[in-house]
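In: After the sequence you'll find the predicted model.
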Amino acid sequence: MGENNTAGFNNNEEKSFDEKSFEDLYRRMYPTLKKYAIYLVKDIEDAQLVLNDVFIAIWKNSTMIADEKAYLFRAVKNAAINYHKIPKANFLRIDNEEEAPEIIDLKETPSQAFQNKDRNRVLYALIDQMPERRRLIFYLYRIDGFSYKEIAALLDISVRTVEDHLVKGFQFLQQKVLQNSAEFR
């Protein structure tokens, strides 16, 4: 996975656009890119729209990609940034938590649900204080369920670096939770 691949073209000398190579690229990279896009835009449907835009642009422009992983991650990041700039229609959007319908877990009391919601809000705020790279690795591991090896391959870093980021991330959270212990009781 770490080698430089040329996607979208066959290996003939004339370098004509190859539909089979494009389909292979799409099948291999879509699941990983979808998780990355979800991390960036915080919504599954929006992430799928961002990815569709990226792959449609590649198809329309017959883009030759020398380092497909780096290119696709950068393209998804740029598309997510552009996506956030575009005003959305308000008719299906809920802008704040007060407007959101409450889904109540019948196993917990309303006060427990409120406390858990507050704890989660504080925990996510603490995670957001981490450096960007560490935060991304933390989310990929804890939220998306990637393994150390998958994260290392995805970000083109060593497994040891992934371990180091996660250890430091957990230490940071432990320290912050202890400092804010009143909010976690």
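Out: Arrived safely, thanks for sending. Numbers count the residues shown, from 1 in each chain.
In: contacts and neighbour counts: CA atoms only from here.
Out: Will do.
In: okay, and the helix or strand of the chain with the least pLDDT?
Out: helix 110-127 (a mean of 75; mean pLDDT, DSSP states H and E).
In: Give me the next element, helix or strand, following that one.
Out: helix 132-138 (DSSP states H and E).
In: For that next one, list the C-alpha coordinates in CSV.
Out: Presented in CSV, the C-alpha positions along helix 132-138 are these (Å, rounded to 0.1, in the frame of the first residue of the first chain):
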residue,chain,number,x,y,z
GLU,A,132,-4.4,17.8,15.0
ARG,A,133,-2.4,14.7,14.1
ARG,A,134,-2.9,13.1,17.5
ARG,A,135,-6.6,13.9,17.5
LEU,A,136,-7.0,12.3,14.1
ILE,A,137,-5.1,9.2,15.2
PHE,A,138,-7.2,9.1,18.4
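In: Buried residues, the next helix or strand after it. List them.
Out: Later in the chain than helix 132-138, the nearest helix or strand by DSSP H and E is helix 148-155. Along helix 148-155, these residues count as buried under the neighbour rule (16 or more other CA atoms under 10 Å): 148, 150, 151, 152, 154, 155.
In: Need the contact partners of helix 148-155.
Out: For helix 148-155, the surrounding residues in contact (CA atoms under 8 Å, 6 or more residues apart in numbering) are 1, 2, 32, 137, 140, 141, 158, 159, 161, 162, 163.
In: Run the angle between the host helix or strand of residue 27 and helix 148-155 for me.
Out: Using DSSP H and E, residue 27 maps to helix 19-41. The directions of helix 19-41 and helix 148-155 differ by 100 degrees, with axes from the mean of the first three to the mean of the last three CA atoms, to 10 degrees as the criterion.
In: can you list the domains in the protein?
Out: Under automatic domain parsing, the residue ranges defining each domain of the chain are 19-85, 108-184.
In: among these, which is the most enclosed?
Out: domain 19-85 (a mean of 16; mean count of other CA atoms under 10 Å).
In: Mind exporting the C-alpha coordinates of stretch 39-56 to PDB?
Out: What follows is stretch 39-56 as a C-alpha-only set of coordinates in PDB (Å, rounded to 0.1, in the frame of the first residue of the first chain):
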ATOM      1  CA  TYR A  39     -14.100  12.700  10.400                       C
ATOM      2  CA  LEU A  40     -13.800  16.000   8.500                       C
ATOM      3  CA  VAL A  41     -17.400  16.900   7.800                       C
ATOM      4  CA  LYS A  42     -19.000  15.100  10.800                       C
ATOM      5  CA  ASP A  43     -21.900  13.600   8.800                       C
ATOM      6  CA  ILE A  44     -22.100  10.400   6.900                       C
ATOM      7  CA  GLU A  45     -24.300  11.700   4.100                       C
ATOM      8  CA  ASP A  46     -22.200  14.800   3.600                       C
ATOM      9  CA  ALA A  47     -19.100  12.700   3.600                       C
ATOM     10  CA  GLN A  48     -20.500  10.600   0.800                       C
ATOM     11  CA  LEU A  49     -21.300  13.700  -1.200                       C
ATOM     12  CA  VAL A  50     -17.800  15.000  -0.700                       C
ATOM     13  CA  LEU A  51     -16.300  11.700  -1.900                       C
ATOM     14  CA  ASN A  52     -18.600  11.500  -4.900                       C
ATOM     15  CA  ASP A  53     -17.500  15.000  -5.900                       C
ATOM     16  CA  VAL A  54     -13.800  13.900  -5.600                       C
ATOM     17  CA  PHE A  55     -14.200  10.800  -7.600                       C
ATOM     18  CA  ILE A  56     -16.400  12.500 -10.200                       C
END
